[in-house]
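Dropping a prediction and its sequence here:
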Amino acid sequence: MADAAALVLVAASDLAGLRDIEAILRRAGHEVAVATDGPIGYVGLSDGSVVSVDLPSGSVLDRRKLSNATVQDVLVGNEALYVLVAGTLYTIDLRDGEFGTAVNVGAPGSVGAGLRRL
């Protein structure tokens, strides 16, 4: 499902935005999880980073490296972005419209965070 959502994210962006997204993916690996909240897309990458993207323009709004492990899943809600990597759940504050403070808690499981999704 994440790959299909990523294709929609790319198809919805203009050519300039597409180049921005392609550049990020070339540097950081590939997208593995996508969530949206209105006009903003959140992409979890294989290098342990998350990126926020303005969907109408395709512009990258923010980027945060959370881990060296691949992002397993992302979920947005309650003014926060939840990011799952093997063994850890991160919560990033979104109240100011950009990536704020990140906190984390252990998430039992090792390979693929126990192969669970958010």
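Thanks, I have it. Numbering: from 1, shown residues only.

and the end-to-end length of stretch 79-94?
Counting by Cα to Cα, to the nearest Å, you get 5 Å between the two ends of stretch 79-94.

List the buried residues for that stretch?
Residues 80-92, 94 are the ones in stretch 79-94 that count as buried (16 or more other Cβ atoms under 10 Å). (Each C-beta comes from the backbone N, C-alpha and C, glycine too.)

got the residue ranges for the strands in the protein?
Using DSSP state E, the strands found in the chain span residues 31-37, 40-45, 49-54, 60-65, 71-77, 80-85, 88-93, 102-106.

what's the most buried one of these?
strand 40-45 (a mean of 25; mean count of other Cβ atoms under 10 Å).

What angle do strand 80-85 and it make with each other?
Angle of strand 40-45 versus strand 80-85, following axes from the mean of the first three to the mean of the last three Cα atoms, to 10 degrees, is 20 degrees.

what helices or strands is strand 40-45 leaning on?
In terms of contacts (3 or more Cβ pairs under 8 Å, 6 or more residues apart in numbering; DSSP states H and E), strand 40-45 is packed against helix 2-11, helix 15-28, strand 31-37, strand 49-54, strand 71-77.

hey, least reliable of these by pLDDT?
Between these, the one with the least mean pLDDT is helix 2-11; it has a mean of 40.

I'd say Ile40 and Val50 touch.
No: using Cβ atoms under 8 Å, Ile40 makes no contact with Val50, being 11.9 Å away.
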